[in-house]
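Novice: Provided below for reference: sequence and predicted model.
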Amino acid sequence: MGLDPDHPQSYRRFLIENVVEPLGAEPSQLIVPAGWRADPVAAARDFEESITELGGVDLQVLGIGRNGHIGFNEPTSSLSSRTRLKTLSDVTRHDNARFFGSLADVPVHCLTQGLGTIRDAREIVLVALGEAKAAAIAAAVEGPLSALCPASSLQLHPRVTVIVDAAAASQLGLTDYYRFVEAQDRWAESMIGAETA
């Protein structure tokens, strides 16, 4: 909240520079929660309505915070929440301070898609890199469904792919099983491909 849409650290600008422009899309096609607007309730409602009018989200790509947040849904967020104003945790603010001049420059509030909004996507990809994300990934993938780890709500979605490096996967207890499943999936795909050839 409070960042101009073209502020160097706004997520709108991040998406334009890292997704929209590399794909050759038009910036006018990007729709984000308008945290720069004076009325966050109206901005959240408008964002939700835009998603509905466009037929929903086909692919939701997410990162994860050290505390298990996704889309700035901090721990204890409602598992059925919709786009809304949220207060950022100290952990999240400290983790994002590296992008700003100081911690004092990091916004305290944001507009975020809710966990229910995120889970409405047809497919979800969660990406995590580094040891700092290992505990959050373990809690999200293998832990109980809990508002204390908002990313664990993805366990309720039928089509989620989790992409992690070895460091982010280091606290998973079933890595051997996941590797076995991945190998079996590749084998099944090769058999299906052979049948259709």
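Specialist: Perfect, thanks for sending it.

Novice: quick one: average pLDDT of the longest helix along the chain?
Specialist: If you go by DSSP state H, the chain has its longest helix at helix 175-196. Across helix 175-196, pLDDT averages out at 82.

Novice: just the C-alphas of that helix, formatted as CSV.
Specialist: Presented in CSV, the C-alpha positions along helix 175-196 are these (Å, rounded to 0.1, in the frame of the first residue of the first chain):
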residue,chain,number,x,y,z
THR,A,175,12.4,-36.6,-0.8
ASP,A,176,13.2,-40.2,-1.8
TYR,A,177,9.5,-40.9,-2.4
TYR,A,178,9.1,-37.6,-4.4
ARG,A,179,12.0,-38.6,-6.6
PHE,A,180,10.5,-42.0,-7.1
VAL,A,181,7.1,-40.5,-8.0
GLU,A,182,8.8,-38.1,-10.5
ALA,A,183,10.6,-41.0,-12.2
GLN,A,184,7.4,-43.0,-12.4
ASP,A,185,5.6,-40.0,-13.9
ARG,A,186,8.3,-39.7,-16.6
TRP,A,187,8.0,-43.4,-17.3
ALA,A,188,4.1,-43.1,-17.6
GLU,A,189,4.5,-40.1,-19.9
SER,A,190,6.9,-42.0,-22.1
MET,A,191,4.5,-44.9,-22.3
ILE,A,192,1.6,-42.6,-23.3
GLY,A,193,3.8,-41.0,-25.9
ALA,A,194,4.8,-44.3,-27.3
GLU,A,195,1.1,-45.4,-27.6
THR,A,196,0.1,-42.3,-29.5
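
Novice: show me what it is packed against.
Specialist: The helices and strands touching helix 175-196, judged by 3 or more Cβ pairs under 8 Å, 6 or more residues apart in numbering; DSSP states H and E, number zero. The way it works is simple: take the backbone N, C-alpha and C, and place the C-beta from them, glycine included.

Novice: now it, how far from the centre of its chain.
Specialist: With Cα atoms, centre = their mean, to the nearest Å as the basis, helix 175-196 stands 27 Å off its chain's centre.

Novice: what about V19, how many neighbours?
Specialist: For V19, the count of nearby residues is 12 (other Cβ atoms under 10 Å).

Novice: could you measure from it over to P27?
Specialist: 10 Å (Cβ to Cβ, to the nearest Å).

Novice: give me the pLDDT for the residue nearest to the spatial centre of the chain.
Specialist: Residue closest to the mean C-alpha point of the chain, counted by Cα atoms, centre = their mean, is L62 at 2.5 Å. If you check L62, the pLDDT there is 96.

Novice: and the gap between it and I124?
Specialist: For L62, the distance to I124 - Cβ to Cβ - is 7 Å.

Novice: pull up the overlap in contacts between the two.
Specialist: Here L62 and I124 share the contacting residues I118, scored by Cβ atoms under 8 Å, 6 or more residues apart in numbering.
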